[in-house]
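1. Predicted structure and sequence below. I'll ask about it afterward.
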Amino acid sequence: MDALTLLREQAANADNLLLQTFESVTPDQAGWRLPGSAANTIGATFFHCYASVDEITGQLLARPRLFETGGWSERLGYDAQTVWGFEGKQDPGLLLAFAREVSAAASVYLAGLTPGALDREIETRRGPRPLGGRLSVYLVIHQFQHLGEIAALLGCQGVKGLPF
């Protein structure tokens, strides 16, 4: 298996599991915070996952973020710069709609890549890095990292964290 095929499969698996886990989240669960906890809400964490994917694919495609062009700030009531401070009830249906839009765009982007593209250097906040490594971080590692947080926060609320 080549690296691009592996990246596509891992990104699809991370995306599918994250979406499946969030599909049954209620507004109360999405906005819940353990008293005295500094943990982020499930809704804010889920949004952050897809806002990050939107950001990297937007940069790579030299297009505005879907968050901006789709009016998601108003629709979701989120300020992308202060999402971690988001309090109150959140609309899981709208969060899922945003996530699916971003997911579809990321899938199209990955489908258009050639294996050699993964070695191309891209500019990042920490200097030039290989495209394949950055995509792996944003589309796989980051998603699974936050999936674990979401599952744990669901478990703290007494519900099943993962769909299996």
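-> Alright, I've got the coordinates. Numbers count the residues shown, from 1 in each chain.

2. contacting residues for the residue nearest the centre of the chain?
-> Closest to where the C-alpha atoms of the chain average out (C-alpha atoms, centre = their mean) is residue 49, at 2.2 Å. Contacts were defined as C-beta atoms under 8 Å, 6 or more residues apart in numbering; by that measure residue 49 touches 18, 99, 142-143, 146-147. Placement of C-beta: from N, CA and C, glycine included.

3. 10 Å instead, please
-> Contact analysis of residue 49 by C-beta atoms under 10 Å, 6 or more residues apart in numbering lists 14-15, 18-19, 22, 95, 99, 102, 138-139, 142-147, 149-150.

4. again with residue 32
-> Residue 32 neighbours (C-beta under 10 Å, 6+ apart): 25-26, 39, 41-43, 89-90, 153-154, 156-157.

5. Weed out the non-buried ones from those.
-> The neighbour-count criterion (16 or more other C-beta atoms under 10 Å) marks 25, 41-43, 90, 153-154 among those as buried.

6. Out of those residues, list just those in strands.
-> Among those, the subset assigned to strands under DSSP state E is empty.

7. from the residues you listed, which two are the most distant?
-> 90 and 154 (14.1 Å; C-beta to C-beta).

8. Tell me the confidence at residue 54?
-> pLDDT, residue 54: 95.

9. Use 17 as the first number for this chain going forward.
-> Sounds good: first residue 17 from here, last item residue 70.

10. so which helix or strand takes in it?
-> Taking DSSP states H and E as the definition, residue 70 sits inside helix 58-77.

11. and what of residue 163?
-> helix 158-172.

12. May I see the buried residues of that helix?
-> Going by 16+ other C-beta under 10 Å, helix 158-172 has these buried residues: 158-159, 162-163, 165-167, 169-170.

13. What's the separation between residue 70 and residue 61?
-> 15 Å (C-beta to C-beta, to the nearest Å).

14. Which of these two has more residues huddled nearby?
-> residue 70 (27 against 20; other C-beta atoms under 10 Å).

15. I'd assumed residue 76 was in contact with the more buried one.
-> No - counting by C-beta atoms under 10 Å, residue 76 is not a contact partner of residue 70; they are 11.1 Å apart.
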